[in-house]
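1. Give me coordinates for this.
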Amino acid sequence: MQYVSTRGGAPVALEDAIMSGTAPDGGLYVPVELPKLDIAQLDSELPLDEFAAWVLRPFFAGSSLESELDAICREAFNFPAPLQGISGGSQKLAVLELFHGPTAAFKDFGARFLAACMARISRQRGTTATILVATSGDTGGAVAAAFHKRAATRVVVLFPAGRVSSRQQHQLTCWGDNVLSLAVKGEFDDCQRLVKELFANTDISRKHNLCSANSINVGRLLPQAIYYAKTSLEYYRDHGKRCSFIVPTGNLGNAFACAWAKQLGFPIGELVLATNANRTIPDFLATGAWQPRSSIVTLASAMDVGNPSNMERLRNLWGEANELRQQIRAYSVSDEQIRSQIHAEFRDTGFVWCPHTATGFYVYRHMLTDAERLNGHWVIVATAHAAKFNEIVEPLVGENIPVPGELAQLLQWPAHFSTIDPQAEQLIRQLDA
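-> Next up, the predicted model:
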């Protein structure tokens, strides 16, 4: 299997696609073609790591990682992604809980998988890689945890100063060792722009052997398709119906992973996107005009993205707005609506959800028609644990939220970071220090 830029160009091997992140022409890597899977031969009851290896094997065919795929999957998929029934156990609504990893966010799956791949590639090549990652909240923590103390790797995390929750920031800055944390005076899009500028600087990129761990990296997206594939197959086995997903999204990586799983032939119905007040995606679907803009600060901070990178992959897969409207819907949810939904879900069901997951619940409760809720089979994707956003959630539910064990341990570690302006020169000085 080879990989090609969304903008064309010569195909490259999987190892090169993973280690470079973006293509030389600025595009994002995708497989030359998606493999044809004989899903009828796939046992949905396989453990998550074995299921992942079965699905991903064609993507690794012919690569130096092919023989190590089973071990990579064991490293990455060693915590669950359970489906939690809502509304008294009705099969009509369920929640896919993706927050049971070490940093209590869905990005643990992709980050750990990517780290396992990159460590092996670096060892094979005898090189040291610098992982440069921009984060709007959760990616940086997951990447730092996945790469912390791994040999032959250095991680540089850029996050927008003052725009993440206090617990998110602690997860971004508590590592030390081979992890450098930098607060950028700006928004997430400034962090993402700096990353792209340095990758485009050939001299700097070569000097530091820069690699990406954002969802622009195909090595992040491949494993994220797995929990959609397995959940949909299990649901179909149990209920004989395709389930439809409501996915909270910012940079569109998690949503695109669901689109890939659907395109691979897994029994997925509709794909509905829940955004916060950053309306770039729903406005594009409504008007047909792609108009990136500065991001807006919201309660769902990990989704504060005004220029979602993975829209390029989505358009490459399914076409422009007219075609995309046949495949996806997108709705914007305000901070006021997020607050009201967190409160309402706790009052009515007893469940406590993070602000991002609450956008998905708002879409389900208020944007779908009665007929869609009555006749459909819906899964809302829970992207992070509510304890990461205690300052927002606890006043709305009137209770303290228990902190998961691994997250509680991280919160005891000392934090340390530096602050820079959103200028490439300042980032380069940090890299050279």
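2. Next one: Asp335 from Thr130, what distance?
-> Per CB to CB, to the nearest Å, Asp335 is found 36 Å from Thr130. Placement of C-beta: from N, CA and C, glycine included.
3. One more: Ala433?
-> With distances defined as CB to CB, the gap from Ala433 to Thr130 amounts to 13 Å.
4. Please, where are all the strands along this protein?
-> Ranges of strands within the chain are 2-5, 8-13, 29-31, 83-86, 90-97, 129-134, 153-160, 179-184, 210-212, 243-248, 268-275, 328-332, 378-382, 418-420, based on DSSP state E.
5. picking that back up, looking at Asp335 and Thr130, which is more packed in?
-> Thr130 (19 against 16; other CB atoms under 10 Å).
6. List the beta-bridge partners for that one.
-> Beta-bridge partners recorded for Thr130 (DSSP bridges): Arg154, Leu210.
7. and the one helix or strand in the chain whose mean pLDDT sits lowest, how far out from the chain's middle?
-> Of all the helices and strands that make up the chain, the one with the lowest confidence by mean pLDDT, DSSP states H and E is strand 90-97; it has a mean of 85. Its chain's C-alpha centre and that of strand 90-97 lie 20 Å apart, by CA atoms, centre = their mean, to the nearest Å.
8. Then stretch 124-143?
-> On CA atoms, centre = their mean, the centre of stretch 124-143 falls 14 Å from that of its chain.
9. what's the biggest helix by length in the chain packed up against?
-> Counting residues, the longest helix in the chain under DSSP state H turns out to be helix 218-239. In this structure, helix 218-239 makes packing contacts with helix 14-20, strand 29-31, helix 48-60, strand 83-86, strand 90-97, helix 107-125, strand 243-248, helix 253-263, judged by 3 or more CB pairs under 8 Å, 6 or more residues apart in numbering; DSSP states H and E.
10. Where among those is average confidence lowest?
-> Lowest mean pLDDT within the helices and strands packed on helix 218-239: strand 90-97, at a mean of 85.
11. Residues touching that strand, excluding its own?
-> Residues outside strand 90-97 that contact it (CB atoms under 8 Å, 6 or more residues apart in numbering) are 80-87, 227, 231, 235, 238-239, 243, 245, 351, 357, 364, 373-374, 376-382.
12. Apart from its neighbours in sequence, what residue is nearest Val95?
-> Setting aside the residues directly before and after it, Val95 is nearest to Gln84 in space (CB to CB, 6 or more residues apart in numbering), at 4.6 Å.
13. ok, now Thr298?
-> The shortest distance from Thr298 to any residue other than its chain neighbours is 4.2 Å, reached at Asn276 (CB to CB, 6+ apart).
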